[in-house]
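**Student:** Task: produce atomic coordinates for the following.
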Amino acid sequence: MERPELDEALAHASGVRFLCTGNVVRSAFAELYARHVGLPLPVDSAATHYENTHLMRPTREALLARGVPETLLEAFRPRPVWRLPPPDPGLLVLAMAPMNLEAWQREHPSHGPAYLLR
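**Tutor:** As a prediction, this is how the structure comes out:
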């Protein structure tokens, strides 16, 4: 599926933030894999609904199976979006589910590019 507006937003982004519900499966995987493959932008991730303390075991195993180094996994700490500093205006936000995008937009109604990944 082509998304020219997403391509355009990525080309002008100052960084990328992945969002999911708990930051222990989908958004954590996206962040760590993006770091591993060398995304040429600052990248992070956050939870929109829950606060957790560690990656889920299946997430860890899937990342290890794809060559992500253990040191990168060990350094990762899940974080809720409400504990992060205010976002840079050029931050590209990629949400894993509609409720994640809605939560972001409620907290940051004037923030720029935010998309639902499908």
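**Student:** Past the host helix or strand of residue 103, which element shows up next along the chain?
**Tutor:** Using DSSP states H and E, residue 103 sits within helix 98-107. Once the chain leaves helix 98-107, the next helix or strand it forms, by DSSP H and E, is strand 114-116.
**Student:** buried residues in that following strand?
**Tutor:** residue 114 (16 or more other C-beta atoms under 10 Å). C-beta: built from backbone N, CA, C; applies to glycine.
**Student:** Can you give me the distance of the spatially most central residue of the chain to residue 7?
**Tutor:** Among the residues of the chain, the one closest to the centroid is residue 18, at 1.5 Å (C-alpha atoms, centre = their mean). Residue 18 sits 17 Å away from residue 7, going by C-beta to C-beta, to the nearest Å.
**Student:** repeat for residue 115
**Tutor:** Counting by C-beta to C-beta, the gap from residue 115 to residue 7 is 11 Å.
**Student:** Can you tell me how far residue 101 is from residue 70?
**Tutor:** 32 Å.
**Student:** More neighbours: which of those two?
**Tutor:** residue 101 (19 against 10; other C-beta atoms under 10 Å).
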